[in-house]
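Engineer: okay, here's the prediction I keep looking at, along with the sequence it came from:
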Protein chains: 2
Amino acid sequence: MNIGEAAKISGVNAKLIRHYESIGIIPKASRSDAGYRIYSEAEVNILAFVKKSRRLGFSMKEIKKLVSLWRNKTRASAEVKNLALKHVDEMEQKIQELQGMVKTLKHLAKCCHGDQRPDCPILDDLASH
Amino acid sequence: MNIGEAAKISGVNAKLIRHYESIGIIPKASRSDAGYRIYSEAEVNILAFVKKSRRLGFSMKEIKKLVSLWRNKTRASAEVKNLALKHVDEMEQKIQELQGMVKTLKHLAKCCHGDQRPDCPILDDLASH
DNA sequence: CTTGACCTTCCAATTGTGGGAATGTTTATA
DNA sequence: TATAAACATTCCCACAATTGGAAGGTCAAG
């Protein structure tokens, strides 16, 4: 099938498919006589795999690793699990950070009357040096 | 003072100061005869303001707005408050997203024995199409 | 007068995605 | 059959924010 159909089925934009190919996330597609990329079921599956991994927040670098683990039938599951748990750690750290920022900003906003007067504790805090 | 000292006092990298100037976040610095940028206390304060806002997760676009509000002594505090609360909303949404991803990945990881065997529920799920 | 620490500008890489231009191919229709 | 539309190709540019380097000019101290 052509790239357009592969895009529709996998849910990955055609533009992005070419990009993924160019950076080596997915194997180079074979070509028709006219130079059009040709995809099989198996390749569409890889694309869907990539898409799902992205939705779980894995970086391209991590996904490159995951794809290669996925295609290597002799991999140890421990390797995949480690990658996943490392990613979980990073996300939990990010959550902590965001929660801290939210808490601070909410506090500042609560102190700000939010009316027509120019007086603003939020800016005062940001300016406190 | 020179850019190096302004960087040290404000905590903003000299490289970044030039960048902020180039994209209009901060006003253009005046120059010495030799072309060196010259900073006053007031300008260092803006830099520190920017830094603090970054730490609270505001985007450059938002910070541009915040700086202009900060410098405009007649602004309404409501405008600042809205900006801050909108940012809080975005961060809370991001937290939700991350928590969902963490939950899914943790569940998958718990199902994965994580040993030398190739069998891996994490990859199986990512591949499920 | 030279050395080292500063400063300048310009250019590039990062991450992941999207948009457009210029050009070529396939397919459907008038 | 001619032509138009819907596809495909490559290449370059943009975003957001930061960092890095290269090539060069300036300042202060030894």
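Structural biologist: Everything's here; your move.
Engineer: for the helix or strand harbouring residue A:20, packing partners?
Structural biologist: In the assignment (DSSP states H and E), residue A:20 maps to helix A:14-22. Under the contact criterion of 3 or more CB pairs under 8 Å, 6 or more residues apart in numbering or on different chains; DSSP states H and E, helix A:14-22 touches helix A:3-10, strand A:37-38, helix A:41-55. Every C-beta, even on glycine, is put in place using the N, C-alpha and C of the backbone.
Engineer: go with 6 Å
Structural biologist: Helices and strands touching helix A:14-22, as assessed by 3 or more CB pairs under 6 Å, 6 or more residues apart in numbering or on different chains; DSSP states H and E, comprise helix A:3-10.
Engineer: now the helix it packs on: buried residues?
Structural biologist: Within helix A:3-10, the residues scored as buried using 16 or more other CB atoms under 10 Å in any protein chain shown are A:3, A:6, A:7, A:9, A:10.
Engineer: can you tell me which of the residues you listed are up against chain B?
Structural biologist: Among the buried residues of helix A:3-10, no residue is within reach of chain B (CB under 6 Å from any CB of the partner chain).
Engineer: mind listing what's buried in the longest helix along chain A?
Structural biologist: Criterion DSSP state H: the longest helix present in chain A is helix A:77-111. Buried residues in helix A:77-111, counted by 16+ other CB under 10 Å: A:77, A:79-81, A:83-85, A:87-88, A:91, A:95, A:98, A:101-102, A:104-105, A:108-109.
Engineer: hmm, stretch A:16-25 touching DNA strand C?
Structural biologist: Yes: among the residues of stretch A:16-25, A:16, A:19 lie within reach of DNA strand C under CB under 7 Å from any atom of the strand.
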